[in-house]
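Quick one, structure for this:
(one chain, ligands or ions: 1)
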Amino acid sequence: MTNKHDERYDLAVIGSGPAGLAGAISAASAGAKVILLEKESRSGGKIPISGGGRCNLTNILDAENMARSFGDQWRFLIPALRSFPPEKLREFFDSRDVEIEVTDGFHCFPRSGKAAHIVETLLNECDLLGVRRQNNCKADEIIFENGRIAGVRAGGRNIFAKALLIASGGRSYPRYCGGTSGYELARQAGHRITPLFPAMTGVQCVEEWPKLCAGISLPDAECRIDLPGMKERCRGELIFTHSGISAFAVLDLSGRIAELLAEHEIVPLKVNFFAGTSKEEWLQRFQIWQQQHGTSNISKLLADFMPKRLIPFFLEQDCSAARFSAAARRQTAERLSSYTLHINAVEGWEKAMVTRGGVDISEVFPKTMESRLCPGLYFAGEVLAPAGPCGGYNIQWAFSSGSLAGTSAAQQMK
Ligand SMILES: Cc1cc2nc3c(=O)[nH]c(=O)nc-3n(C[C@H](O)[C@H](O)[C@H](O)COP(=O)(O)OP(=O)(O)OC[C@H]3O[C@@H](n4cnc5c(N)ncnc54)[C@H](O)[C@@H]3O)c2cc1C
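Numbering: from 1, shown residues only. Purely as a prediction, here's the structure:
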């Protein structure tokens, strides 16, 4: 039953992260009457904490290469990324006086170094376009009438809308704004949720020695999952933690590891602590040390490459370079270049930056982001199953999918 006091909109957007804000802006730009519902008192979803507070909002890849970085499900992302590619996102902010800079030839950040500028700009745009913004307003239940979307029950009241966009983000970072209520809403419409795994986080290992090195970092390590058929590698800084290892050397593998740990008790992870230096190169180096620095201790020579506290874990016994036996050289070279850590867990939802899994994309039209099961229902951003790597991929995907969903929903109203 509806009455004259009920609020009526063309589109109700659930979630004010990048996906929801892009959805609201694109729908309102196309003439739709939009309400943006946010369960938290602050807006912007995870933008304010992204990129260490600086917001790595995209990168310089084109749509196709960016999509391919999402793995198996990449084809689903193509229409959204083509309709709103990285250069369009940069133009959007540039034309609103938020200069975007490519800091290292690849990653894009606001020049101010402040993620808050991104949020402010998006909220201003919503206000200019007449989007009604409602914070502290959690969407709990979809309202259906005659099997069609009719609105949403949120913050204890009925909000009527011809279309709904679920842009509720993922389960990760519950202390910020992560949660599962978006998946519950999707289920109410009959959608399947694929298993959820914490991704982009550290991993825990059986070995004790990495934990004794907690806080130490190496600038450029490389990890790969040592199971048949696994090709992905991950390279960058590696930090030893109280439970294992973290940072860029492992972040992009962690979601896959979490998935594998559902079937395997242990996932072996091969680590080259000095990416680009092979076992043979270490052996050659040891030989040179033997010839040219015979009286120097190996620990002293290794100290040029790593913090002193790490050395005992790679070097069974210290000795002079002249007395470094062939067996000891092989063992040290192997440990440095191809060490197997046995991973038994990934850090949980509290630390995971992204959620792997979510609304099953086989039930969503990639060209409109509309549900195949429930006309008038749209999805965007991290609530959907695909998860990208570190480096501006996930925020770009949220903007692109949100923008496509908002435009599609507005077109449906015409
Ligand atoms: C610490 C951290 C750093 C990151 N850094 C980067 C980075 O630099 N670059 C990058 O590309 N990605 C980064 N990410 C990932 C990126 O932030 C997310 O993938 C992206 O924000 C997802 O956008 P979204 O709009 O789908 O969801 P979110 O940003 O999570 O926004 C969802 C919003 O929906 C609201 N909501 C949820 N349920 C409801 C409901 N029932 N009713 C009303 N509102 C609801 C939430 O409160 C939230 O505000 C980072 C993530 C974290 C945690």
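
can you give me the helices for the chain?
Assigned by DSSP state H, the helices in the chain fall at 18-29, 63-68, 74-83, 86-94, 115-128, 181-188, 209-212, 248-261, 279-292, 298-302, 311-314, 326-337, 393-413.

Out of those, which one sits most buried?
Burial of the helices of the chain is given as mean neighbour count (mean count of other CB atoms under 10 Å); helix 18-29 ranks first at a mean of 30. (Each C-beta comes from the backbone N, C-alpha and C, glycine too.)

which bits of the stretch 151-300 of the chain sit near the ligand?
Proximity of the stretch 151-300 of the chain to the ligand, by CB under 6 Å from any ligand atom, involves residues 167-169, 172-173, 177, 179, 181-182.

wait, which of the residues you listed is closest to W209?
Ranked by distance to W209 (CB to CB), those are led by S172 at 28.8 Å.

what residues does the stretch 301-414 of the chain put near the ligand?
Counting by CB under 6 Å from any ligand atom, the residues of the stretch 301-414 of the chain lying close to the ligand are 353-354, 381-382, 392-395, 398.

Closest one of the residues you listed to the ligand?
Nearest to the ligand among those, counting by CB to the nearest ligand atom, is G381 at 2.3 Å.

The residue nearest in space to the middle of the chain: what's it in contact with?
Residue closest to the mean C-alpha point of the chain, counted by CA atoms, centre = their mean, is V354 at 4.0 Å. Residues in contact with V354 (CB atoms under 8 Å, 6 or more residues apart in numbering) are 170, 172, 199-200, 255, 382, 387-388, 394.

swap the cut-off to 7 Å and go again
Shown in contact with V354 (CB atoms under 7 Å, 6 or more residues apart in numbering): 170, 172, 199-200, 255, 382, 387, 394.

quick one, what contacts I257?
I257 sits in contact with 203, 225, 267, 343, 346, where contact means CB under 7 Å, 6+ apart.

Could you find the closest non-adjacent residue to it?
Excluding its sequence neighbours, the residue lying closest to I257 (CB to CB, 6 or more residues apart in numbering) is V267, at 5.1 Å.

wait, the one you found sits on I225?
Yes. Counting by CB atoms under 7 Å, I225 is a contact partner of V267 at 6.1 Å.

Name the residue in the two with the higher neighbour count.
V267 (25 against 20; other CB atoms under 10 Å).

Next one: the more buried one relative to A249, how far apart?
According to CB to CB, to the nearest Å, V267 and A249 sit 15 Å apart.

and what of P268?
15 Å.

what's the closest non-adjacent residue to C213?
Using CB to CB, 6+ apart and skipping the chain neighbours, the partner closest in space to C213 is F240 (3.9 Å).

Touching, that neighbour and I216? I think so.
Yes. Here F240 reaches I216: they are 5.0 Å apart, a contact under CB under 7 Å.

When these two are compared, which one has more neighbours?
A count of neighbours by other CB under 10 Å puts F240 above the other of F240 and I216, at 25 against 16.

Pull up the gap between the more buried one and W282, please.
Taking CB to CB, one finds F240 at 20 Å from W282.

ok, E141 - how many residues close by?
Neighbour count of E141, defined by other CB under 10 Å: 13.

for S168, that is, sorry about that
For S168, the count of nearby residues is 36 (other CB under 10 Å).

Look up how far A258 lies from it.
Separation of S168 from A258 (CB to CB): 21 Å.

and what of N394?
Relative to A258, N394 is positioned 16 Å away (CB to CB).

what do you get for R175?
For R175, the distance to A258 equals 19 Å [CB to CB].

Quick check: bridge partners of I143?
G151 (DSSP bridges).

Is it correct that it is in contact with I159?
No. Counting by CB under 7 Å, I159 is not a contact partner of I143; they are 8.3 Å apart.

Mind listing the shared neighbours of these two?
Contacts common to I143 and I159, judged by CB under 7 Å, 6+ apart, are 151-152.

So for these two, which residue has more residues nearby?
I159 (23 against 19).

Pick out the residue in the stretch 101-250 of the chain sitting closest to the ligand.
Nearest residue of the stretch 101-250 of the chain to the ligand: G169, at 2.3 Å (CB to the nearest ligand atom).

pretty sure that residue is touching G381, no?
Yes. Using CB under 7 Å, G169 is in contact with G381, at 6.2 Å.

Looking at these two, which one has more neighbours?
Taking other CB under 10 Å, G169 and G381 do not tie; G381 has more neighbours (33 against 30).

Could you measure from the residue nearest to the more buried one when sequence neighbours are not counted over to the ligand?
Closest residue to G381 apart from its sequence neighbours, by CB to CB, 6+ apart: A19 at 2.7 Å. Going from A19 to the ligand by CB to the nearest ligand atom, to the nearest Å gives 3 Å.

shouldn't A19 be in contact with S401?
Yes. When contacts are counted by CB under 7 Å, A19 is listed as touching S401 (6.0 Å).

picking up where we left off before, report the set of residues contacting both of G169 and G381.
Applying CB under 7 Å, 6+ apart, one finds that G169 and G381 are jointly contacted by G17.

how's this structure carved up into domains?
Annotated domains of the chain cover 7-197+357-413, 202-347 [automatic domain parsing].

chain center to the last one: distance?
Distance of domain 202-347 from the chain centroid (CA atoms, centre = their mean, to the nearest Å) equals 25 Å.

for it, how far is the first residue from the last?
Using CA to CA, to the nearest Å, one end of domain 202-347 lies 5 Å from the other.

start at 456 instead
Yep, numbering from 456; the last one is domain 657-802 now.

now it: mean pLDDT?
Across domain 657-802, the average pLDDT comes to 97.

Could you check the pLDDT of the closest residue to L536 other than its chain neighbours?
In space, L536 comes closest to A518 once its chain neighbours are excluded; the distance is 3.8 Å by CB to CB, 6+ apart. On the pLDDT scale, A518 is placed at 96.

and the closest residue to P674 other than its chain neighbours, how many neighbours?
Excluding the flanking residues, the one nearest P674 by CB to CB, 6+ apart is E692, at 5.7 Å. E692 has 15 neighbours, counted by other CB under 10 Å.

now the end-to-end length of stretch 521-533.
This stretch, stretch 521-533, spans 9 Å end to end (CA to CA).

hang on, I meant stretch 623-638
Using CA to CA, one end of stretch 623-638 lies 8 Å from the other.

Also stretch 616-632?
One end of stretch 616-632 sits 24 Å from the other (CA to CA).

Appreciated, that's everything.
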